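Peer 1: Give the three-dimensional model of this entry:
(2 chains)
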Number of protein chains: 2
Amino acid sequence: MILAGGVGSRLWPVSRTYFPKQFHKLLGPRSFLQSTLLRAGRVTARAPILVCNEEHRFLVAEQCREIGVEWDQLILEPEGRNSAPAIALAAWYAVRRDADAVLLVMPSDHLISDEAAFAEAVKSACVGAAEGGLVTFGVTPDRAETGYGYLEVEDPAGGLQKVRKFVEKPDQGLAEEYLAAGNYMWNSGMFVLGARSYLDELHIHSEQMARFTGQAMEEAQKDMDFLRPGAAFVDSPADSIDYAVMEHTHKAEVVPVDFGWSDIGSWAAILDESPRDEQGNRLCGDVVAVDTRNSYVHAGKRLIGTIGIDDLVVVDTTDAVLVAHQSRVQDVKTIVEQLAAGARSEHLYHREVFRPWGSYEGIAEGNRYQVKCIRVNPGASLSLQLHHHRSEHWIVVKGAARVTRGGEVFTLGENESTYIPRGEKHRLENPGKLPLELIEVQVGPYLGEDDIERFDDVYGR
Amino acid sequence: MILAGGVGSRLWPVSRTYFPKQFHKLLGPRSFLQSTLLRAGRVTARAPILVCNEEHRFLVAEQCREIGVEWDQLILEPEGRNSAPAIALAAWYAVRRDADAVLLVMPSDHLISDEAAFAEAVKSACVGAAEGGLVTFGVTPDRAETGYGYLEVEDPAGGLQKVRKFVEKPDQGLAEEYLAAGNYMWNSGMFVLGARSYLDELHIHSEQMARFTGQAMEEAQKDMDFLRPGAAFVDSPADSIDYAVMEHTHKAEVVPVDFGWSDIGSWAAILDESPRDEQGNRLCGDVVAVDTRNSYVHAGKRLIGTIGIDDLVVVDTTDAVLVAHQSRVQDVKTIVEQLAAGARSEHLYHREVFRPWGSYEGIAEGNRYQVKCIRVNPGASLSLQLHHHRSEHWIVVKGAARVTRGGEVFTLGENESTYIPRGEKHRLENPGKLPLELIEVQVGPYLGEDDIERFDDVYGR
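Peer 2: Now for the predicted structure:
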């Protein structure tokens, strides 16, 4: 099962609530989620169970489609409750089909460089899980990291064994002691566990969580390709699997590993995992760097010029730029918190917003108007809808559009336009084989996305 | 006379060839040129003679109009030849009307904080100029600056006196010696000189420059409100007044001054002249700064978030971002040189381009299309024109447009649109009292600004 929730606020401004880090392709042609799915596919022939936020269902679907992965089940959380309840949803789903089901639990934002070693470790862990153990992976630390929790183990060079103790994220001094001691390992956040065994332990240590997640899965509704747990889910306490179960259970076991693991927790981690040039830089996109060293510079659609800088992270997106010292990248979430406190939107949305039918991007806005570029996938269709407060001008600049406007249906080609008056029912479709691109100019006193009355929607929205 | 040429490449990305620093409002509601014009108006009742690049004529005109300054003459250089020939153009113009004319020569990108002291200094300098002297202002240095040339003087606390020696920009050690010596002053680049006297000296020390500029002014053509020197101007050697005349003439005099002078040569100078917050920062625009010190952060239309940075300059514009250490801001021109060498455009144009009738801004572009936001001033009119390679869709989003399309003339209001087919003669006017704003979607195989055939243009283009 893949945990595909989470918002990745420390990778702002690329990662945002409605398009968080696991869906971004920051280190190659695959997103972190896609890499995780492909990695899972190499250790088991079973189709994955995914748990993600309701808002991300079309992103997950599109990313699975892109790499040809079919899921066993995609479970939608109406809101995030941290990892323990999410794993419980998958466990309830799994035990109902197979009382002896064993789950390999993988967050969707981890990197593993030695996949053969990972496969071996999973095999060992499965032995423990088959006997009722809740097995975690303990990663051999290569530095005194303060960003991870630790596991104290008996034999860091041994195989499957009991966990002596879970320890919280340490301060620098303690982290150095752990590193020196040699029998402390990073708590990786991946698990192999019998679904039944997990639910039993959850029942003991967080009875409410076990009960409400179970009830939610009993009341779950199929919605197209998705599974929606019942409303009881939001009554469950929110907690991580470590706090809710692992730190309390007597069944905690660990497989010590050294397979090149990283959670992509910050921009510094992205830099660590990137190939660098001779100056120690990772320059992505259109960058002119003069006397720049040991820096991560990520250009979006704009040119970035740098001069005389060291150890910086510079990340540009359409509507926000981050300039941070590498030693402070953990504090990117401080900015996200300030944006949230200011009721802003740069931590929630990108300018380009993905929809099941394609995407739209705001390209200009003024008093009483805004301009969007709309891209519709071949064969896709927007809902039949109307707006109470705005008129729309559509100019097709690529491909072909089928337009429903009131009682008419007609086709527009490249360089053709139409006008949708305020209050008129309309629908936009791409009947062609190529992507459709059009420029939409909206005019009216209120231009919010929520001025939409939907009459028919092929995506069940 | 005001020297309004120059490209200010060290203030990239705000300053660009076609909209350079003197026209920007970086330190308050007036541009550097406007501040200079207003300063000139406080020391003399005479209307200014301006010399600027041909490409900037409408910018100069608009900025003069904005502050209610009427010029005596606006002389257009077909290309920049540095300061000596530019001053010669003004001198030829002035002596023709008044053989005893005295010019106060002011670059358009200087700041002076004590304007009363400046007025006093100009009075002293006029005494010298009336007797044939070429008088410069020597600024009391307050640091060992390596970015300026120096003047060696007899009595740094005295009044008008002969210059002992001009010295080039020193290295750090020499600059410190000059500061310690006490009788070295910064060469400010402002002058008071008799026009006749200047031309005579120019004739002695750079005969070709005197001859070609004189010939150019004899052949000068009036063009609307502008004066265009003849083609001989480009035959003149290019040089600064210091190199061409001041370092050689025996008539060089100096008035030592201490009136809070700064040339705005770099982003560090902008920071020096800005009010700062408690952390020593100057934050302009939409900035969220966390643990940021002694930095200049200039947000354009986007949010900038900073964390844990010191002594940086961060400047954001629509299509380019600069991140530079303050100690290296002199090297911004290195980036500009690299852009020029790469045949790019980010050092030449902004996304928003100013025209005599208003402005346009590219807001999106794709294969075979681009989208612009066009703003037309009340009463203004674009040329009657046609395009061979593109069609245009216009949607009025603010104000009213009068459209000529082939034989028709009609008016469009807000939320109305029209289509200009490829090859059709057309004109856009704003007949109203409010600014007109429209969205233009261009479609065609070639979308360059140079696909324009003009038939009639009220601005003589």
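
Peer 1: residues near whichever residue of the stretch 1-150 of chain A sits closest to chain B, how many?
Peer 2: Per C-beta to the nearest C-beta, A:Pro13 is where the stretch 1-150 of chain A lies closest to chain B, at 7.2 Å. (C-beta placed from N, C-alpha, C; glycine too.) The local packing count at A:Pro13 equals 26, with neighbours defined by other C-beta atoms under 10 Å in any protein chain shown.

Peer 1: ok, now A:Gly214?
Peer 2: 21.

Peer 1: correct me, but it touches A:Ala91?
Peer 2: No: counting by C-beta atoms under 8 Å, A:Gly214 does not reach A:Ala91; the two are 9.3 Å apart.

Peer 1: Need the residues touching each of those two.
Peer 2: Both A:Gly214 and A:Ala91 are contacted by A:Leu199, under the criterion C-beta atoms under 8 Å, 6 or more residues apart in numbering or on different chains.

Peer 1: can you pull out the helices in chain A?
Peer 2: Listed in chain order, the helices found in chain A under DSSP state H are A:32-43, A:57-66, A:83-97, A:115-130, A:172-181, A:195-205, A:207-218, A:241, A:267-272, A:332-341.

Peer 1: Next one, pLDDT for the residue nearest to A:Gly138 when sequence neighbours are not counted please.
Peer 2: Taking C-beta to C-beta, 6 or more residues apart in numbering or on different chains, and ignoring the residues beside it in sequence, A:Gly138 has A:Met185 as its nearest neighbour in space, at 3.2 Å. In the predicted model, A:Met185 carries a pLDDT score of 96.

Peer 1: before we move on, what about A:Gly265?
Peer 2: Each residue has a pLDDT score; the one for A:Gly265 is 88.

Peer 1: try A:Lys301
Peer 2: 91.

Peer 1: Could you tell me how many residues sit around it?
Peer 2: Counted by other C-beta under 10 Å, the residues lying close to A:Lys301 total 11.

Peer 1: do you know how far the closest residue to it other than its chain neighbours is from A:Ser108?
Peer 2: Of all residues beyond its chain neighbours, the one nearest A:Lys301 is A:Thr318 (6.3 Å), with distances taken as C-beta to C-beta, 6+ apart. Distance of A:Thr318 to A:Ser108, given as C-beta to C-beta, to the nearest Å: 24 Å.

Peer 1: With A:Gly413 instead?
Peer 2: Look at A:Gly413 and A:Ser108: by C-beta to C-beta, they are 41 Å apart.

Peer 1: hang on, the earlier thing: of A:Thr318 and A:Ser108, who's got more company?
Peer 2: Comparing A:Thr318 with A:Ser108 by neighbour count (other C-beta under 10 Å), the higher total belongs to A:Ser108, at 27 against 17.

Peer 1: Which positions in the stretch 351-461 of chain A make contact with chain B?
Peer 2: Where the stretch 351-461 of chain A comes near chain B, counting by C-beta under 8 Å from any C-beta of the partner chain, the residues are A:363-364, A:366-369, A:371, A:373, A:391, A:393, A:395, A:397-398, A:414-415, A:417, A:419, A:437, A:439, A:441, A:443.

Peer 1: Now which of these would you call buried?
Peer 2: Neighbour counting over these (16 or more other C-beta atoms under 10 Å in any protein chain shown) leaves A:363-364, A:368-369, A:371, A:373, A:391, A:393, A:395, A:397-398, A:414-415, A:417, A:437, A:439, A:441, A:443 as the buried ones.

Peer 1: okay, the longest strand seen in chain A in PDB with CA atoms only?
Peer 2: Ranked by number of residues, the top strand in chain A under DSSP state E is strand A:184-194. Taking only C-alpha atoms (Å, rounded to 0.1, in the frame of the first residue of the first chain), the coordinates of strand A:184-194 have been written out as PDB:
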ATOM      1  CA  TYR A 184      20.800   3.600  16.500                       C
ATOM      2  CA  MET A 185      19.200   3.600  13.100                       C
ATOM      3  CA  TRP A 186      16.900   6.000  11.300                       C
ATOM      4  CA  ASN A 187      13.200   5.200  11.400                       C
ATOM      5  CA  SER A 188      12.400   5.100   7.700                       C
ATOM      6  CA  GLY A 189       8.600   5.200   7.900                       C
ATOM      7  CA  MET A 190       8.200   2.000   5.700                       C
ATOM      8  CA  PHE A 191       6.700  -1.100   7.200                       C
ATOM      9  CA  VAL A 192       5.700  -4.600   6.500                       C
ATOM     10  CA  LEU A 193       2.800  -5.800   8.600                       C
ATOM     11  CA  GLY A 194       0.000  -8.300   8.700                       C
END
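
Peer 1: Please state the offset of that strand from the chain centre?
Peer 2: 20 Å (C-alpha atoms, centre = their mean, to the nearest Å).

Peer 1: Now do that strand and helix A:115-130, the angle between them.
Peer 2: Counting by axes from the mean of the first three to the mean of the last three C-alpha atoms, to 10 degrees, strand A:184-194 lies at 60 degrees to helix A:115-130.

Peer 1: Note down every partner strand of strand A:184-194 and its orientation.
Peer 2: Sheet partners assigned to strand A:184-194 using DSSP bridges are listed as strand A:102-107 (antiparallel), strand A:134-139 (antiparallel), strand A:150-153 (antiparallel).

Peer 1: Where do the strands of the stretch 351-461 of chain A begin and end?
Peer 2: Listed in chain order, the strands of the stretch 351-461 of chain A (DSSP state E, counting those that start in this stretch) span A:352-355, A:358-366, A:369-376, A:384-386, A:391-398, A:401-405, A:408-412, A:417-420, A:426-429, A:436-443, A:453-456.

Peer 1: domains of chain A?
Peer 2: Chain A is divided into the following domains under automatic domain parsing: A:2-263, A:267-340, A:352-456.

Peer 1: Serialize these to CSV and add fields for distance to B:Asp155.
Peer 2: Formatted as CSV, the domains of chain A follow (distance: least, C-beta to C-beta, whole Å):
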stretch, distance to B:Asp155
domain A:2-263, 58
domain A:267-340, 40
domain A:352-456, 60
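
Peer 1: Go through the ones you listed and name the closest to B:Arg30.
Peer 2: Comparing the domains of chain A by their distance to B:Arg30 (C-beta to C-beta), the top pick is domain A:352-456, with 25.8 Å.

Peer 1: how much distance is there from that closest one to the middle of the chain?
Peer 2: Here domain A:352-456 shows a centroid-to-chain-centroid distance of 28 Å under the convention C-alpha atoms, centre = their mean.

Peer 1: mean confidence score for that domain?
Peer 2: Here the average pLDDT along domain A:352-456 is 96.

Peer 1: Just the terminal-to-terminal distance for it.
Peer 2: Distances were taken as C-alpha to C-alpha, to the nearest Å; on that basis the terminal residues of domain A:352-456 are 24 Å apart.

Peer 1: What of stretch A:425-443?
Peer 2: Across stretch A:425-443, the straight-line distance between its terminal residues is 16 Å, by C-alpha to C-alpha.

Peer 1: need the helices of chain A in CSV with distance to B:Leu33, can you?
Peer 2: As requested, the helices of chain A are exported to CSV (distance: least, C-beta to C-beta, whole Å):
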stretch, distance to B:Leu33
helix A:32-43, 51
helix A:57-66, 51
helix A:83-97, 61
helix A:115-130, 63
helix A:172-181, 54
helix A:195-205, 72
helix A:207-218, 68
helix A:241, 65
helix A:267-272, 41
helix A:332-341, 37
